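> can't give you the sequence, but here's the structure:
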């Protein structure tokens, strides 16, 4: 059977299909289909039409095929028969065995009921027994449980009684964590019974805890402990309900205190900075303390995690203090190296603190402060420079010991201006060259500040010059009366120094500074573009050029004013109408020459010599001037009578008609000769004007003639424009003669004699004095 | 302004120092001037600008007994003027009247109305009541200040009051305040003094030295302009007498004469011994005082206050006068006796 397994199965399957189709509830459905799909293979369907099949088969197949089909069909039919038989047989067999089983079951059920009853009985008895045992053991068990509870209680009591000792032990071994745990464990009991049963115990343990707390506080505050230990201590203290906030405050105070120490140290450092020139060494000492502080901050943060705000404030305070101290040092005029050293220390501190306190934005904060400080430093440097220059100007002039005080003053002040400015620039370059954090950020601003600084500096210098010269009355008024007093006594020499210094600044200092600025301070650009660069050399040059001219003019005015006073006294005092005959050259001439000498001395110290001796006459023809004046003078000497003097006057007027006007008031240059000439010219013009206001008798006229004649040669020696001087001297004589009631000149021999006598007297005096 | 450089000229025979605008002549622009010659016959010239403004015509020529140091025209009568004169040894002052019908006479003589003969020393100047008809006159000599009352019809002048400036205060000139007829400024060696004519007391003073000439701003109250020898021109506000509100450079040598324009505010004329006449525009806005001045300092430095400089003179310029009839015309007088008229077209 096993061999036919598969065909049997195959066969069985088909059989079952057929069977099921046979029992199928709707054969009509399949039969309706059959007519449509009639084929050779439809033999297994219900709608199989044998005749049709036969017809089809016959039509389609040949004989051989029919035969083969026949054989196949016959075999299939046979097979189907055997299968049918087998099915019937198997079903019958199963039915028989089922009947057998039912029969056996009936037999077995009969004895079961009795067994079940037996079992119930036994269980009942077991239960009653166990109940018995339970009731008999109940009392004892309760007792045992009671005992157990008592024991636990006793153990706790024991623990509490032992607590002080245990705590002591913990303290000894510094196991504060255990101690705190024990104590907090015991706390509820102490709370409940602390006032009655465990009074002593409580007191003792509280004492112990007191020491624990003390120790913990000590630990918290001691810098020697590790941060972890300190943090633990803080946590433990918190667990003990210790007022941590006050601790925090205390610790914070300590921190602040250490901050103060730190500041003191900074101060010391800067003090030492000033003494020694080794900032690195000092930086390290400061380094240690700041590191300590940083550690403290770190610890504090760990210990009290919610304390940033305070710490930020604290560290900002520290930075602010640092900068405050720096500002004080700036006031004391520290060198750039030192200033940079201080800045470097501050920056390092900032960076260190920034590491632990990132939230404080310390670099930004300090950048703002540094900006202020650096700006202040720049401004301060310039104000110092300004003071140096004015010191150089005033101190040297007021010291009379030197041979050439004005020259020295000029040289020192020139030096002060140029070298001072250069030094300042070099100093500021240090700022730019330095790679310090803030300075890099402030670079553009520094460039601007320096440029602005120079601009303002020169403006201020100009003002200062004006103040020193005493020219600007309104400014001196603003400065107050004390300054005003000083201004009154301004020396003419100082004004000349200022004039020359202004020229120097315009021609030498500004170009150099401009160059220097261009090379190392260009850029900037924080300023808006509309304003242009902060430093405008052209403007400064213009200011100083005009200032130089103004000062020179002012000097000349001051000097001529002195001579004017002299001349005024000379011409106002005597009654010229009743003048006596001239006996000697009047002494005002000596005073006048002395003044000129003093001017010459000042001018020689300060101004350059002016090349060739130029004879500045009228532009067109100087020859007419001299040809006019010389014969005129000679004429006047020779003619004696009134008539001739009169005709001579007429001649003057005629000559005036034909001659070109002598340019008396030419532009003054910055040379010795030019300045002296201008002053002499102005003085002679003043002399002329004074003469015109008087009326002379003959003697008065002759006295003047004598004085002027005497002045002629020494004046010509000092000035470059002889023609103009001649002209002016002549004008004085003409003016006197015009204002004379009886203009008869002195005879030349007498004139000569008197002049010689004066010269001899002068020589004598010189011999005595020397 | 540009075309003004060539003015109209007029020559006096001798040297001269003073020229005055004839204010009372409302029909013509006329000036009066007098010569300064010690030894010659001195003359007073009445000059009139021709109607076309192209010529200066001599309207009258009168002989004056002495050289004239100061001359001013009466503000209410065009025929009256005052002079200060010197004989060489002594000084005198008088009020004169130009005779009527002078055109018909051959050599008209001036009629002396009054002689102001209370002075002993050198007389500096005579000031007429600033405007309008009044009989008050002031004369200033080196030591004293006289207030006269003039009676033209009676031909007499009487001293009303007199005050001494004090020792060592040599007065040199003065000006009558046009805004306050009781105030007179007098210049002396080291200061400008202000006198109240009612009490004849000194009320105030400005410290400034070597003042040659002084003039009130005719348009603005409290403004005074001084000309100084070396230090140029200063404009003062009398309410702030410590510091001048304005400084002008003046002249290359002394600034001798100064005159404020009668119509245009801040227009100042100055004559100097450097033979030039300078015309300045100095705005004297004083409303804000010192602060505004320091603020506007830089712009004013840029704007040159010197409007024009007339340098076509042969000698020092001592006399200046604006015409009150045509306030854009001024006359200048240089020492060599040349009168020049300029039109300043502003």
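It's in. Computed from a prediction, not measured in an experiment: that's the story for all the values here.
> how many other residues sit next to residue B:27?
Neighbour count of residue B:27, defined by other C-beta atoms under 10 Å in any protein chain shown: 8. (Glycine included, C-beta is placed from N, CA and C.)
> ugh, wrong one, I meant residue A:298
Using other C-beta under 10 Å, residue A:298 has 16 neighbouring residues.
> Over to residue A:59?
7.
> Just the closest residue of the stretch 201-346 of chain B to chain A, please.
Residue of the stretch 201-346 of chain B nearest chain A, by C-beta to the nearest C-beta: residue B:252 (3.7 Å).
> any idea how far chain B is from residue A:296?
According to C-beta to the nearest C-beta, to the nearest Å, residue A:296 and chain B sit 55 Å apart.
> pretty sure that residue is in a strand, no?
No. Read with DSSP: H, G, I helix; E, B strand; the rest coil, residue A:296 is helix and lies in no strand.
> Can you name the residues that contact the residue of the stretch 201-346 of chain B closest to chain A?
By C-beta atoms under 8 Å, 6 or more residues apart in numbering or on different chains, residue B:252 lies in contact with A:664-665, B:272, B:274, B:276.
> out of those, which are inside strands?
residue B:272 (DSSP state E).
> Could you dump the contacts of residue B:252 into JSON lines with pLDDT and distance to residue A:383 added?
Below are the contacts of residue B:252 laid out as JSON lines (pLDDT from 0 to 100; distance: C-beta to C-beta, whole Å):
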{"residue": "A:664", "pLDDT": "67", "distance to residue A:383": "44"}
{"residue": "A:665", "pLDDT": "71", "distance to residue A:383": "40"}
{"residue": "B:272", "pLDDT": "88", "distance to residue A:383": "42"}
{"residue": "B:274", "pLDDT": "85", "distance to residue A:383": "42"}
{"residue": "B:276", "pLDDT": "88", "distance to residue A:383": "44"}
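> would JSON lines of the contacts of residue B:252 with distance to residue A:703 and neighbour count be doable?
Below are the contacts of residue B:252 laid out as JSON lines (distance: C-beta to C-beta, whole Å; neighbours: other C-beta atoms under 10 Å in any protein chain shown):
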{"residue": "A:664", "distance to residue A:703": "25", "neighbour count": "22"}
{"residue": "A:665", "distance to residue A:703": "28", "neighbour count": "19"}
{"residue": "B:272", "distance to residue A:703": "28", "neighbour count": "27"}
{"residue": "B:274", "distance to residue A:703": "27", "neighbour count": "22"}
{"residue": "B:276", "distance to residue A:703": "32", "neighbour count": "21"}
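> Closest one of the contacts of residue B:252 to residue A:362?
Nearest to residue A:362 out of those is residue A:665 (C-beta to C-beta; 68.5 Å).
> Now the closest one: closest residue in space, sequence neighbours ignored.
Leaving out its chain neighbours, the residue that sits closest to residue A:665 by C-beta to C-beta, 6 or more residues apart in numbering or on different chains is residue B:252, at 3.7 Å.
> ok, the one you found to residue A:537 distance?
Here the criterion is C-beta to C-beta, to the nearest Å. By it, residue B:252 lies 31 Å from residue A:537.
> now do residue A:327
From residue A:327 to residue A:537 the distance is 31 Å (C-beta to C-beta).
> From the neighbour counts alone, determine which of these two ranks first.
residue A:537 (19 against 15).
> Near residue 114, how many residues? Count them for me, please.
Because you didn't say which chain, this covers chain A. With other C-beta under 10 Å as criterion, residue A:114 counts 8.
> meant chain B actually
By the criterion of other C-beta under 10 Å, residue B:114 has 22 neighbours.
> Specify the beta-bridge partners of it.
residue B:95 (DSSP bridges).
> isn't it right up against residue B:155?
Yes. Under the criterion of C-beta atoms under 8 Å, residue B:114 makes contact with residue B:155 at 6.1 Å.
> where does the stretch 551-700 of chain A come near chain B, residue by residue?
A:557, A:560-561, A:564, A:572, A:577, A:656, A:661, A:664-665, A:682, A:685-686, A:689, A:692, A:695 (C-beta under 8 Å from any C-beta of the partner chain).
> among those residues, who's most crowded?
residue A:682 (27 neighbours).
> Any chance of the backbone angles for the residue of the stretch 201-346 of chain B closest to chain A?
As for residue B:252, its main-chain torsions (degrees, to the nearest 10) stand at phi -70, psi -30.
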